[in-house]
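Asker: Provided below for reference: sequence and predicted model.
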Amino acid sequence: MVVWEPRDYERGKHPGGIEAEFSLNGPKQPIHTYGQDTTTQQNDAPQPVLPEDIAVLNRYGIGQPYLCAAHATSLKIGVPALEILLQSGVISRENWLDAQNLLKDGQRSKSLTRETRQHLLVQAVHNLREQAPHYSAEQTFSLAQVLLVVTMMSVILAGGIILPHITVLALSTLLAVFYFSSILLRGVLLAAYEEEQPASSGVARTRDRDLPVYSVLVALYRESGQIGELTRHLQLLDWPQDKLDIKLICEEDDPDTVFAIKLANLPSCFELIVVPPALPRTKPKALNYALPLCRGDYLVLYDAEDRPSPGQLREAYETFGAAGPELACLQAPLHIHNGSQSWLSRMFAIEYLTLFNGILPVLAKWRVPIPLGGTSNHFRGLR
């Protein structure tokens with residue numbers, strides 16, 4: 001049983017930014033609840049408090065002294081207890097993954113206290129406005145912008161009444177120039193595109209033990225029909241399962257999607273996060289709610305309909321490593337998988353192909369801001 005308390009939300013200090021205290025409800029081992037006294041063992045020794053993913057190994061056959069020693073060493077030298085156990089030969093990576101399956105109750109949906117859920121919700125909705133109000137969309141227009149729009153509308157209305165033919169001609173000319181300029185810009189960018197040579201295959205592949213934890217956030221709403229294909233492709237990602245932190249984020253008033261996730265029998269690297277209903281009902285709010293619970297040094301955002309390439313995480317990790325510290329975000333190319341289904345889908349496929357395989361690479365090469373696609377965005381430096 002895990003009891004979560006809103007004690008310390010500093011990112012990176014504890015997994016997910018929240019401290020947890022618990023023990024396994026096994027034979028001769030009472031449940032430990034934060035805020036209550038624990039039953040003592042022989043000689044009045046206090047019952048050790050271990051992280052859940054370490055304590056579960058005791059049920060799998062790993063002795064309590066090994067687990068306590070690894071946990072204590074981890075706190076002392078800052079190396080994950082998993083790596084200490086692996087390096088000492090106490091467990092294998094296969095043992096670790098098998099043991100984590102014991103934690104799959106409801107895909108490890110976090111039992112957050114009401115206070116913690118409320119804190120996360122308030123932070124998700126208001127934190128940007130409080131910390132960086134100039135980036136927040138709470139104020140949609142400034143006074144100067146409102147005055148400019150009102151003035152332009154007044155001029156157009158007056159012109160339409162006094163000189164209607166000239167006004168229509170002027171507006172048509174302005175719109176034609178605007179759209180022609182947009183087409184011309186896209187043409188120039190596509191003309192500047194040069195196909196890059198593929199990266200050298202001689203680059204050494206990073207060993208699994210040296211890889212960091214990678215968090216994967218997927219915001220879902222009324223997407224129960226997508227859960228099977230989505231989770232199947234997420235399980236194909238070329239990244240160690242014990243270093244994957246996949247958060248499936250659902251709204252509390254979307255029971256169909258929540259139920260579909262619970263029925264999917266997912267590995268322990270998947271976790272269900274249920275967001276309390278509150279305005280605004282947006283994807284950013286759901287992502288903000290789950291962000292403090294992430295354990296990864298790197299993070300990627302996906303949508304329900306995404307089918308990421310298995311090597312995408314490794315490619316992003318190696319790209320970050322080869323680039324300078326100023327690189328904070330990567331946009332993976334998006335392709336339409338049903339481009340041959342209809343005329344409209346073919347138009348979407350062409351649009352995405354020219355944007356992600358032609359225009360955006362040129363903008364990135366010129367080192368100018370690029371528009372993100374809203375999904376398949378990779379970030380680093382989260383901890």
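Answerer: Everything's here; your move. Numbering: from 1, shown residues only.
Asker: What ranges in the stretch 101-250 of the chain fall below the confidence cut-off?
Answerer: Along the stretch 101-250 of the chain, segments meeting pLDDT under 70 span 101-112, 197-203.
Asker: where do the helices sit along it?
Answerer: Along the stretch 101-250 of the chain, counting by DSSP state H, counting those that start in this stretch, helices occupy 114-131, 143-162, 164-191, 227-235.
Asker: So which of these is the most surrounded?
Answerer: helix 227-235 (a mean of 17; mean count of other Cβ atoms under 10 Å). All C-beta spots, glycine's among them, are computed from the backbone N, C-alpha and C.
Asker: Please state the offset of it from the chain centre?
Answerer: 15 Å (Cα atoms, centre = their mean, to the nearest Å).
Asker: Same check on stretch 277-288?
Answerer: Per Cα atoms, centre = their mean, the centroid offset for stretch 277-288 relative to its chain is 14 Å.
Asker: Need the contact partners of it.
Answerer: 121, 123-125, 127-128, 217, 219, 221, 249, 251-253, 275, 301 (Cβ atoms under 8 Å, 6 or more residues apart in numbering).
Asker: rewinding a little: rebuild the helices of the stretch 101-250 of the chain as TSV, extending it with distance to N338.
Answerer: TSV is the format used below for the helices of the stretch 101-250 of the chain (distance: least, Cβ to Cβ, whole Å):
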stretch	distance to N338
helix 114-131	33
helix 143-162	40
helix 164-191	24
helix 227-235	13
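Asker: Ok, which of the ones you listed comes nearest P333?
Answerer: When the helices of the stretch 101-250 of the chain are compared by Cβ to Cβ, helix 164-191 sits nearest P333, at 15.0 Å.
Asker: List of residues touching stretch 223-241?
Answerer: 93, 97, 100, 208, 211, 214, 216, 218, 220, 244, 246, 248, 256-257, 259-261, 264, 266-270, 302, 304-308, 310-314.
Asker: Can you tell me who the residue nearest the centre of the chain pairs with across the strands?
Answerer: For the chain, the residue nearest the mean C-alpha position is L217 (2.8 Å; Cα atoms, centre = their mean). Note on L217: beta-bridge partners K247, L301, judged by DSSP bridges.
Asker: Relative to T73, how far out is it?
Answerer: 31 Å (Cβ to Cβ, to the nearest Å).
Asker: Identify the residue nearest Y302 in space, chain neighbours excluded?
Answerer: Once flanking residues are discounted, Y302 sits nearest to V218: 4.8 Å by Cβ to Cβ, 6 or more residues apart in numbering.
Asker: For that neighbour, list the residues it contacts.
Answerer: Here V218 is in contact with L230, L234, I246, K247, L248, I249, L301, Y302, D303, A304, D306 (Cβ under 8 Å, 6+ apart).
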